[in-house]
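Student: Whatever this is, show me its structure:
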Amino acid sequence: MGYAKNWLTKEEWKKLIQQDMKWRDELLQKTTYRGALRIHETLSLKYPFNYEIEENNGYVILTTQKTDEEKPEKVPIGSDLVKETKRYMKAMDKETTYVFSSRQGNQMTRQRAYQIINERAKDVGIDKKLGTHTLRRSRAKHLLDEEVDLSQVSALLRHENLKDTMEYLKIAKKELAELTKQIDKKYGL
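Tutor: Prediction:
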């Protein structure tokens, strides 16, 4: 399993997610993408599914270990996906601790998640080597393409600072300087 620094175009993402596949596999990909989650965050989601719905916005609650204390973080994934995940968990016919589990009810491995993502991509003719991080990176790139502010994308990625996000998404300082120059020119600054 290699580390792939690719991302999916919006068209490839739509193609990937609109194909017929196992419910679990679809939810795995949607949850990882929508929340821009790291794969271990997705695979660590447990039953009962920890979520919140506020004013039609759905959030998954991640519990992260920062220093000696656990810190819950609300990550937006959409109320429709929260509801779909609840239906999925209710429909599961076996006892399990994890939302994304193996046939035996154990936590799905990173390797299996990698296989699922690549098998589904191959099924729809996406000829790229995808990693488990590809969905997270693709979500961030798509948000930037829609002109979501870099600081908001950085917050969704839960990065400590903007520099991390710029490096993560390969945003060159030269590119940023050129963009800044264009904006300044546009507004006569």
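Student: ranges for the strands of the chain?
Tutor: 51-54, 57-66, 69-76 (DSSP state E).
Student: Most tightly packed of the ones you listed?
Tutor: strand 57-66 (a mean of 15; mean count of other Cβ atoms under 10 Å). Bear in mind the C-beta positions are built from the backbone N, C-alpha and C, glycine included.
Student: for it, what is the average pLDDT?
Tutor: In this model, strand 57-66 has an average pLDDT of 80.
Student: Return that strand as CSV; C-alpha atoms alone will do.
Tutor: Written as CSV, here are the backbone C-alpha positions of strand 57-66 (Å, rounded to 0.1, in the frame of the first residue of the first chain):
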residue,chain,number,x,y,z
ASN,A,57,-26.5,20.3,9.8
GLY,A,58,-25.1,16.9,10.7
TYR,A,59,-21.9,16.4,12.5
VAL,A,60,-19.8,13.4,13.4
ILE,A,61,-18.1,13.7,16.8
LEU,A,62,-14.5,12.7,16.7
THR,A,63,-12.7,12.1,20.0
THR,A,64,-9.0,13.0,19.6
GLN,A,65,-6.3,12.5,22.1
LYS,A,66,-4.5,15.8,22.7
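Student: Check which helices and strands it sits against.
Tutor: Using 3 or more Cβ pairs under 8 Å, 6 or more residues apart in numbering; DSSP states H and E, the elements in contact with strand 57-66 are strand 51-54, strand 69-76, helix 79-91.
Student: Please compute how far it lies from its chain's middle.
Tutor: 13 Å (Cα atoms, centre = their mean, to the nearest Å).
Student: quick one: contacts of that strand?
Tutor: 31, 35, 37, 41, 44-45, 49-53, 70-83 (Cβ atoms under 8 Å, 6 or more residues apart in numbering).
Student: about what we covered before: how about the helices and strands packed on strand 57-66 in CSV, adding mean pLDDT and distance to residue 19?
Tutor: As requested, these are exported to CSV (pLDDT from 0 to 100; distance: least, Cβ to Cβ, whole Å):
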stretch, mean pLDDT, distance to residue 19
strand 51-54, 83, 26
strand 69-76, 84, 25
helix 79-91, 91, 17
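Student: Turn the ones you listed into a markdown table, including distance to residue 157.
Tutor: Shown next, in a markdown table, are the helices and strands packed on strand 57-66 (distance: least, Cβ to Cβ, whole Å):
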| stretch | distance to residue 157 |
| --- | --- |
| strand 51-54 | 20 |
| strand 69-76 | 10 |
| helix 79-91 | 18 |
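Student: Quick check: phi and psi at residue 8.
Tutor: Per-residue torsions, residue 8: phi -90, psi 140 (degrees, to the nearest 10).
Student: dump the residue contacts of it.
Tutor: 16, 126, 128, 130, 134-135, 138.
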